[in-house]
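Peer 1: sequence first, then the predicted structure, then my questions.
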Amino acid sequence: MRIAIGQFFQETNTFSPTPTTVETFRSVYLRRGEELLSAFGSSRVEVPAFLAVLRRAGVDPVPLVAANALAGGALTRAAFESIMRELEARIASAGKLDAVLLALHGAMCVEDEPDAESEIIERISRALPPATPIGVTLDLHGHVTQRMLKPNVVYVGYREYPHIDMYETGTRVAETMLQALAGHAHPRMVLVKLPMIVSPSKARTGDEPLRSILAVAREMEAAGEILHASLFPVQPWLDIPDLGFAVLVCANGDAAAAQRAADRLASLAWERRQQFDPNLVSLQEAIETGLNGEGITVVADSGDAPSGGAAADNVSVLGALRVAGADRAGRLSYLTLCDAEAATACARSGIGATLTIDVGHKVSRNDGQPIRITCRVHALSDGSFVMLGAGAQGTRMEQGLTAVVSIGAIRLVIRSLPAMEWDTGIYTAFGLRLEEAALVFVKSPSHFRVAFAPYARRILYADTPGPTCPNMRRLVFHHVTRPLYPLDDAQWPIRT
């Protein structure tokens, strides 16, 4: 048996000012052919899970392409075609294939196609003999559409947010595929969409209201009513039609059972929609609490999260820290900023140098103005480190040229690339000890909690601006299907 494996992974944010190109993928990774079989090392992500399951079963993996880009603006059509055509060409030259396994995100948009995953599935299906089965992993924040559902395609979404089960999700879809090929499973999928969006800051699977809804899904699976259920609270920074919370259920040959389960889970989510409103504090309150409270205060700067598509160069936090006098405080404050120009200036001056530079908004020019700072250079690095926290554990992060500077009691890590802030390595890899700080800011909606919570006396969510702002009511939409909760007083007709 021969099963092809591949990845085409990007989370689009239509509020992001930065288009996604082939270079964006290369900045994370763009791996081809045999390279897929070893390049992931010990990373706990989907492709290594595919490989492990297939090898245990004695199945020959046929490597295609693994393309991964950081979240950002929509893909250019040229970038999409470049990767898509290579996937199609490799399938065409692969010989007989029994199935295909793909790692997709679920919220990818192309500049002329808001439902990119559907186009991917349709084109992969056309490149294969009719009815060849395809197994797909999806991020829990995927924008799942009816168009994506095909008789020969089975989807499995992450169960956890923060995302600590990417490897396990890859295992589940690969094992489901092997069961289907052996005739022991007959996947039938049903989708239910709700007219609501949820702030990722309040969509953690270990907390209410999502925790108890997911518990019902796991009970259904354990009772044998369904094969699996995936909930998609959706990445809300997408101004596209049909945006909403999705429930996707797979039953073993029984579409009616899948429909009943999907309706029940969707009803539970809709009934609790008001409980998804995030608990946000003002930036000023977060800073005051951190400087005056005992222990370490970790603050989510969710509005500028690179893992959601922000440029990570917003200076709202830095400006507020200076206004609050954090630079003159007796305790340290940590924050990061993406600014390749500033990092280069620091490197040219050298460790120990004091310089005056403008930082911030080199990419997000319409969202604010740079701030002029006088700082001292403490450390310089190539920005490379290995993530140690659960989730993408073992994955090497590449931040590009990175400088650590001080502005009085403020420690600012200036990097060149907008790498995601999931791991404490964004500070500790560059010589900063978390234990020495009063305030630690992280540009992340929720995943940071996995690594940072053990150090925190308290975790706060600041209502910060930007293309990934956690306050859904701040978003200005033009293309979503209305009404849409919490923007509108939406209604959902529950199936009877």
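Peer 2: All right, it came through fine. Numbers count the residues shown, from 1 in each chain.
Peer 1: contacts, neighbours, all on C-alpha from now
Peer 2: Fine.
Peer 1: touching, Leu87 and Pro63? I think so.
Peer 2: No: Leu87 lies out of contact with Pro63 (Cα atoms under 8 Å); the separation is 9.9 Å.
Peer 1: between those two, which is the more surrounded one?
Peer 2: Set Leu87 next to Pro63 and count neighbours by other Cα atoms under 10 Å: Pro63 wins out with 26 against 23.
Peer 1: tell me the bridge partners for that one.
Peer 2: Applying DSSP bridges to Pro63 gives these bridge partners: Ile5.
Peer 1: Gly157 too?
Peer 2: Leu138.
Peer 1: which pLDDT value belongs to it?
Peer 2: In this prediction, Gly157 carries a pLDDT score of 98.
Peer 1: so it makes contact with Leu140?
Peer 2: Yes: counting by Cα under 8 Å, Gly157 touches Leu140, with 5.6 Å between them.
Peer 1: intersection of neighbour lists for these two?
Peer 2: By Cα atoms under 8 Å, 6 or more residues apart in numbering, Gly157 and Leu140 have these common neighbours: Ser230, Leu231, Phe232.
Peer 1: for the last one, give its distance to Ser302.
Peer 2: Spatial separation of Phe232 from Ser302 under the definition Cα to Cα, to the nearest Å is 19 Å.
Peer 1: ditto for Gly72
Peer 2: Counting by Cα to Cα - Gly72 and Ser302 are separated by 15 Å.
Peer 1: if I pick His163, what's in contact with it?
Peer 2: Per Cα under 8 Å, 6+ apart, neighbours of His163: Gly391, His447.
Peer 1: double-check that it belongs to a strand.
Peer 2: No: looking at His163 with DSSP: H, G, I helix; E, B strand; the rest coil, it is coil, so not inside a strand.
Peer 1: got the CA positions of stretch 128-146 in CSV?
Peer 2: Below are the C-alpha coordinates for stretch 128-146, written out as CSV (Å, rounded to 0.1, in the frame of the first residue of the first chain):
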residue,chain,number,x,y,z
LEU,A,128,-6.1,11.4,-8.5
PRO,A,129,-8.2,8.5,-9.8
PRO,A,130,-11.9,9.0,-9.0
ALA,A,131,-12.9,8.3,-5.4
THR,A,132,-9.4,8.0,-4.1
PRO,A,133,-9.7,8.7,-0.3
ILE,A,134,-8.1,11.9,1.2
GLY,A,135,-7.6,12.4,4.9
VAL,A,136,-7.1,16.0,6.2
THR,A,137,-6.1,17.5,9.5
LEU,A,138,-7.4,21.0,10.3
ASP,A,139,-6.6,23.6,12.9
LEU,A,140,-9.4,24.2,15.4
HIS,A,141,-9.6,27.8,14.1
GLY,A,142,-10.4,26.6,10.5
HIS,A,143,-13.1,28.2,8.4
VAL,A,144,-15.0,25.1,7.4
THR,A,145,-17.4,25.3,4.6
GLN,A,146,-20.0,23.0,3.0
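Peer 1: quick check: buried residues in that stretch?
Peer 2: 128, 132-145 (16 or more other Cα atoms under 10 Å).
Peer 1: which of these fall in strands?
Peer 2: Judged by DSSP state E, the subset of the buried residues of stretch 128-146 located in strands is Ile134, Gly135, Val136, Thr137, Leu138.
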